[in-house]
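**Student:** Structure for the following, please:
(chains A and B, ligands or ions: 1)
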Amino acid sequence: MSLQTDKRDFSERTTDGLGDSFMRNAVGSAQDSLKTRRLSAATALGDWEQWRTAGQQIRQHTLQNLDYYLEQLAGNIEKKGGHIYFAATKEEASSYIRDVIVQKQAKKIVKSKSMVTEEIDLNHVLIEAGCELIETDLGEYILQMDDWDPPSHIVAPALHKDRRQIQRVFAEKLGYTDDESPEKLARFARKVLRQKFLEAEVGITGCNFAVANLGAINLVTNEGNGDLTAAIPKTHIAVMGMERIVPTLAEMEVLDNLLCRSAVGQKLTSYITVMGPSAAGDTDGPEEFHLVVVDNGRSDILGSEFNEALQCIRCGACLNVCPVYRHIGGHAYGSIYPGPIGAVITPLLGGYDDFKELPFASSLCAACTDVCPVRIPLHEQLIRHRQNIVKENRTGSMERFQMKAVGRLLSSPALFGKTLRFAHPASRLMSKHGRIVRGPELIRGWIGSRDLSQPVKQQDSFRAWLDKRKGESGQ
Amino acid sequence: MTVLRNYHTSGNNKESFLNTIASKLGRERRHEVRLPDIQSLLPDSYGSLTQDDLIDILKEQCFFIHTQVIESKPEILQRTLDDLIEASGGGSVMISGDPRFAAYGLMFPGSFVWEEAAGREQNIMRAESADTAVIFADYALAESGTIVVESRPDQGRSLHFLPAHYIAVIEKQRIVPRSTQAAAALNRRVLTGEPLGSSINLISGPSNSADIEMKLVVGVHGPLSATYVLI
Ligand code: SF4
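**Tutor:** This next block holds a predicted model:
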């Protein structure tokens, strides 16, 4: 599928998303339930803020010493008889994997969910080479059966579909005859896919974290498909973004706890597995193990002003709190990585030419930054992108004017205060029943589909109230 | 026609790949690194719990992860397991080759045992056709309701995933507060050079998915149900 999922204009994509009321409801309720679950699982851990700090420090330490840990990993994988391949580009990565498979004359491939394999366009390359490739994660399988519909969430890829749509896809493509209950749909998929696992010659998985001092990979899943993908076929190929590595099992344990709680609100997901090349006497698991380490633009982020984006552990929590994601949905980003983290890393991996609008798809409310388990300052990185885009003159003239104006406004408290005083009477001209109905370009996309409250009157604003109070108590 | 590289002999891009990383970080390659002590940042929220406290925490958590917990004793373990197998519809059983089955005098007539001699295809086929798997846990983690198992010649990886029902026997003294303790114990083995199984599985209840409308479905690719038996 590669990074870009939709070549149309950003405005066309968002109009699509905003017009899809089913999708917007589905995304809204998914966000709400994931948010609540995350919160209770995070609270249960005790001191969540300390855990976040630990997560941040582990990620920063590993990134600062990435060459060392990757070298250690490579040595340990090879010591156990596994292969490790370092791919500088996505083409190198996918053609290495294709070559391994073609030389084995393997045709039947099972895959478990992996974002990085989407990024390197692996499915396309393997299907072109004549392989029968099956995505085995339930959500991904649904998307594949629906003619490779792109994913819309990094943890729940088929979030934009309802049960009736899924029932229809299964009926048309697989002859499914039962009703639309999720249990029956899942049982049906289990039966079909069980056969695929048993027949497969090669299994391909992603990798949540590689463990450097052990020479193994860590998979964090719930369905059990990842483990079957790695246990049954005679060849296991795992693919990882080069930054997804931890020094030892102790750091992995901290990150797995942060990941499970932030992603799905579970203390630990059903299956957390540390796996690698087979050991002497093993009676299943791979006879041949390959780990493909992918750069594909990541090293350019390393040491840059966006370095912290590489701390990401792909938990999806920032998507689940984002008001913009809630309204436009995952597909509108036109990238396999949607939401706040997608708006930060997609332009870094794919360039500003195709993705210059994404950093503007944010209200800068900073909910993403607050929730991120490894403390990536997401909204600050979005602002940095905007500054770069404006500096490079890539925006339209109106946006440029607005960005400059907003920039000046935010950097001058006096001006900001004046504007607030002006904003209420000015916005009255554009509003009905306390809701703004017309507005300049900057907010039009936003209010086309949601209510924007009128700014509070100057005398009601918090700052004014605080000043008044200070004055009264003589402080 | 694409020219295929022979991956067994192909020159590896490792050096240039790692050199790029070092240069982007603005320094020479590093061959020694001191790992900072991160664990000391984390509060120990389970400091002084007794064995009974841990059992209570484990039981409570298992309720949330759709896992049945049965308290048994070594003397009646066989009965407990027979009853559980019966209750999930009887059928065929596959056990691991763990010596604890013999030590507790357990026998399941007509069942299969995962064994090195049977070889790959046989073991996988038997596990696929088994209705219930029974195994012994190496550790249990109270907080998350997790059991830890390690692959060995007599206990393959897919034994935990192919049979429809999954029963794990947990000896109470193997319950630790949380994943911290299990990770530390395993990491100690890595540091002393003691080999680990090629797959370490932390299993918390049955397989599940929320991929359809975020509605939880228990039992997807892995087992449809999970039961822990405490002795
Ligand atoms: S940026 Fe943070 S919150 Fe978003 S997916 Fe990555 S780790 Fe999770």
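
**Student:** just for chain B, where's the confidence low?
**Tutor:** B:1-12 (pLDDT under 70).

**Student:** Specify the local secondary structure of whatever residue of it ends up closest to chain A.
**Tutor:** Across chain B, the shortest distance to chain A (Cβ to the nearest Cβ) belongs to residue B:222, at 2.6 Å. C-beta coordinates here come from the backbone N, C-alpha and C atoms, glycine included. Put simply, residue B:222 is coil when judged by DSSP: H, G, I helix; E, B strand; the rest coil.

**Student:** dump the residue contacts of residue A:236.
**Tutor:** A:202, A:203, A:204, A:205, A:229, A:230, A:275, A:285, A:286, A:288, A:289, A:290 (Cβ atoms under 8 Å, 6 or more residues apart in numbering or on different chains).

**Student:** In which helix or strand does it reside?
**Tutor:** strand A:235-241 (DSSP states H and E).

**Student:** What strands flank the helix or strand following that strand, and is each parallel or antiparallel?
**Tutor:** Going down the chain from strand A:235-241, the next helix or strand is strand A:245-246, by DSSP H and E. Note on strand A:245-246: by DSSP bridges, its sheet partners are strand A:209-211 (parallel).

**Student:** Which residue ranges of the stretch 201-350 of chain A form strands?
**Tutor:** A:202-205, A:209-211, A:216-221, A:235-241, A:245-246, A:271-275, A:288-294 (DSSP state E, counting those that start in this stretch).

**Student:** again, but for chain B
**Tutor:** B:67-71, B:93-95, B:112-113, B:132-136, B:139-141, B:146-150, B:165-170, B:175-176, B:199-203, B:208-209, B:217-218, B:225-230 (DSSP state E).

**Student:** where does the nearest residue to residue A:122 once chain neighbours are set aside land on pLDDT?
**Tutor:** Excluding the flanking residues, the one nearest residue A:122 by Cβ to Cβ, 6 or more residues apart in numbering or on different chains is residue A:94, at 4.9 Å. We have a pLDDT of 97 for residue A:94.

**Student:** what about residue A:94, neighbour count?
**Tutor:** Other residues near residue A:94 come to 25 when the count uses other Cβ atoms under 10 Å in any protein chain shown.

**Student:** so the helix or strand harbouring it versus strand A:288-294, what angle?
**Tutor:** Element membership for residue A:94 (DSSP H and E) is helix A:90-103. Going by axes from the mean of the first three to the mean of the last three Cα atoms, to 10 degrees, helix A:90-103 is angled at 170 degrees with respect to strand A:288-294.

**Student:** what's the average pLDDT for the next helix-or-strand element following helix A:90-103?
**Tutor:** Following helix A:90-103 in sequence order, the next helix or strand is strand A:108-111 (DSSP H and E). Averaged across strand A:108-111, the pLDDT comes to 98.

**Student:** Against the ligand, how distant is residue B:157?
**Tutor:** 29 Å (Cβ to the nearest ligand atom, to the nearest Å).

**Student:** same deal with residue A:54?
**Tutor:** For residue A:54 relative to the ligand (Cβ to the nearest ligand atom), the value is 14 Å.
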